[in-house]
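Colleague: prediction below, plus the sequence it came from.
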Amino acid sequence: MSIIIIGAGPAGCEAAYRLAQSGEQVELIEKENETGGNLNNWYQLFPDRKSAKELNRLLRQNLNHPNIRVHLNCEPVKIIRENNSFSIDLNDGAQLQGEALLLTTGFRTFNARRKEEYGYGIYENVMTSVELENFLTNHQLQTSTGKKPERIGLIQCVGSRDEKICNFHCSKVCCITAVKQAVEIREILPDAEILCFYMDMRMFGPGYEELYREAQEKYNIRFIRGRLSEASENLSKQVMIKAEDTLVGKPIRMSLDLMILMVGMEPSEGTRQLATQLNLKLAPNGFLHTADPHYATNLTSTPGIFSAGCSTSPMNLTDTLTDARSAAIAIKEFLLSNRANTHKKH
């Protein structure tokens, strides 16, 4: 019998490979037509600027393991728990049997249209950090009228730490993403003025603080502590913003040729749907509740159902892959225990 993994982003791919290497058969389910999840939208990784495509290629190569079977364009439509096994019906008519179930359903990026005051989807020169990655991949950045932008503003915490939209959590990676993208913009536009508006700069990972310092000292990125309060558009399609520099206590009014919204993480639709379907607990932030925040982060409220990666909380890519390996170990221990008990009964 197999282990069934739902979600073939980085966490699902890594967990599948580790379990396959340990001798387990793995059924990996992905609703999209390719694996990789949100990693497919990224140009370079932080803090070392490694190519996202390179890592994605490695994860996909690992799925060629003979113990892994990948189901693309597939979603579970029915999940039944019978004794110590799971039976899952897929939307393509296939039925899978598994001894354990791992949820690696990842995250979705915040829909910036919900912050109407920022004008996303209304003003032509407002885009999200995810959309910016496509421009960075193509090594070009221009305004909606085809002009080279002279002043660019990156706005932090869009959809995170925001009581108005009931997202109280920090998405963890937005700060370092803004630093990375600001540096990449500078490399494309060496003469542009680049500003980053932040609440707090949370540089928690190895190499993050160093990249932050380098952005200021080497790349001349200007960081302003203050949250945007209002945005509008003038006749030239520039974005007019109002903010406050809280370090000096002065209001700011300026025009931007481009405004980049650093959108945070929210639980994916798949996470919410499976939590309802499997009667799993959710944490206050809407992500999957883990059995213990210190010692059992891969265990859910139901034995035999495990979770990894951003289905449980916002994580950077390094922590996601580490968490996937941890989940593989937890599942292996669970299976060995179950099989030993079954053997004793017989």
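Modeller: Received, thanks. Computed from a predicted structure; not experimentally measured.
Colleague: is it true that Phe46 touches Ile176?
Modeller: Yes. When contacts are counted by Cβ atoms under 8 Å, Phe46 is listed as touching Ile176 (4.9 Å). Where you see a C-beta, it was placed from the backbone N, CA and C, and this is true even at glycine.
Colleague: common neighbours of these two, please.
Modeller: Jointly contacting Phe46 and Ile176 under the rule Cβ atoms under 8 Å, 6 or more residues apart in numbering are Gly205, Tyr208, Leu211, Asn316.
Colleague: narrow those residues to those that are buried.
Modeller: Neighbour-count burial (16 or more other Cβ atoms under 10 Å) applied to those gives Gly205, Tyr208, Leu211, Asn316.
Colleague: now for those residues: which two are most distant?
Modeller: Using Cβ to Cβ, those span at most 12.9 Å, a distance reached by Leu211 and Asn316.
Colleague: and for the two, which residues touch both?
Modeller: Joint contacts of Leu211 and Asn316 (Cβ under 8 Å, 6+ apart) are Phe46, Ile176.
Colleague: distance of Ile260 from Ile305?
Modeller: Per Cβ to Cβ, to the nearest Å, Ile260 is found 38 Å from Ile305.
Colleague: check Thr322 too.
Modeller: Applying Cβ to Cβ, the value for Thr322 to Ile305 is 20 Å.
Colleague: so for these two, which residue has more residues nearby?
Modeller: The residue with more neighbours, out of Thr322 and Ile305, is Ile305; 20 against 16, by other Cβ atoms under 10 Å.
Colleague: for that one, grab phi and psi.
Modeller: Backbone geometry at Ile305, expressed as degrees, to the nearest 10, gives phi -110, psi 120.
Colleague: can you pull the contacts of it?
Modeller: Ala100, Leu101, Leu102, Leu103, Leu278, Leu280.
Colleague: again, but for Cys174
Modeller: Cys174 is in contact with Ser129, Gln156, Cys157, Val158, Ser160, Met262, Val263, Gly264, counting by Cβ under 8 Å, 6+ apart.
Colleague: helices or strands up against the worst-scoring helix or strand of the chain on mean pLDDT?
Modeller: Sorting the helices and strands of the chain by mean pLDDT, DSSP states H and E puts helix 317-345 at the bottom, at a mean of 89. When contacts are defined as 3 or more Cβ pairs under 8 Å, 6 or more residues apart in numbering; DSSP states H and E, helix 317-345 packs onto helix 10-21, strand 95-103, strand 305-307.
Colleague: dump those into TSV; add distance to Tyr295 and mean pLDDT as well.
Modeller: Formatted as TSV, the helices and strands packed on helix 317-345 follow (distance: least, Cβ to Cβ, whole Å; pLDDT from 0 to 100):
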stretch	distance to Tyr295	mean pLDDT
helix 10-21	19	98
strand 95-103	18	96
strand 305-307	14	97
